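Participant: how would this look folded up:
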Amino acid sequence: MENTGRKILYVGDDKNLVANLDENYILRHETNPSTAIDRIKRKAYYDIALIDLSIPIWNGEDIIQVISERSPRTIIFTISDSYSIVAERKGVRKNFSMPIRKDLFIKNIEDSLKTTSS
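Facilitator: You can find the predicted model right below:
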């Protein structure tokens with residue numbers, strides 16, 4: 001599959017999770033949530049945002065809130081073993097629990113992008 005030009009923002013610390021995604025998508029990996037929030041506030045647009053809620057030093061729901069307000073067309077996925085109902089109300093499409101099966105993860109990305117482009 002060639003690069004689709006679709007943009008994915010991943011906010012988390014697991015580099016292996018998004019390894020090889022940059023072959024098919026334009027990938028922005030942020031380990032600092034403040035940097036991710038600043039990018040969104042400066043009107044950076046991403047087709048998909050993947051937010052790891054399981055990292056204890058930040059509140060991923062803050063990032064979800066900013067994306068929902070500033071970039072409502074962005075499809076939001078989360079990673080968390082204790083999924084928040086608040087996140088769901090803010091427009092999260094799907095939550096993944098660890099360990100994530102990469103094939104299902106990619107399928108969800110591709111299916112979500114298909115439904116938004118039709």
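Participant: Now for residue 113, how many residues are close by?
Facilitator: Residue 113 has 17 neighbours, counted by other Cβ atoms under 10 Å. C-beta coordinates here come from the backbone N, C-alpha and C atoms, glycine included.
Participant: That one contacts residue 6, correct?
Facilitator: Yes - counting by Cβ atoms under 8 Å, residue 113 does reach residue 6; the two are 5.8 Å apart.
Participant: what's the overlap in contacts for these two?
Facilitator: Taking Cβ atoms under 8 Å, 6 or more residues apart in numbering as the criterion, residue 113 and residue 6 both touch 47-48.
Participant: Show me the helices in this structure, by range?
Facilitator: Remark: helices assigned in the chain by DSSP state H are 15-18, 33-41, 60-70, 85-89, 102-117.
Participant: Alpha carbons of stretch 55-70, as CSV, please.
Facilitator: Once non-C-alpha atoms are left out, stretch 55-70 reads as follows in CSV (Å, rounded to 0.1, in the frame of the first residue of the first chain):
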residue,chain,number,x,y,z
ILE,A,55,0.2,7.1,30.9
PRO,A,56,-0.2,8.4,34.4
ILE,A,57,1.6,11.8,34.1
TRP,A,58,-1.1,13.3,31.9
ASN,A,59,-4.8,13.6,31.4
GLY,A,60,-5.6,12.3,28.0
GLU,A,61,-9.1,13.7,28.2
ASP,A,62,-7.6,17.2,28.0
ILE,A,63,-6.2,16.3,24.6
ILE,A,64,-9.5,14.8,23.5
GLN,A,65,-11.3,17.9,24.6
VAL,A,66,-9.0,20.2,22.5
ILE,A,67,-9.3,17.9,19.4
SER,A,68,-13.1,17.8,19.7
GLU,A,69,-13.3,21.6,19.9
ARG,A,70,-10.6,22.6,17.4
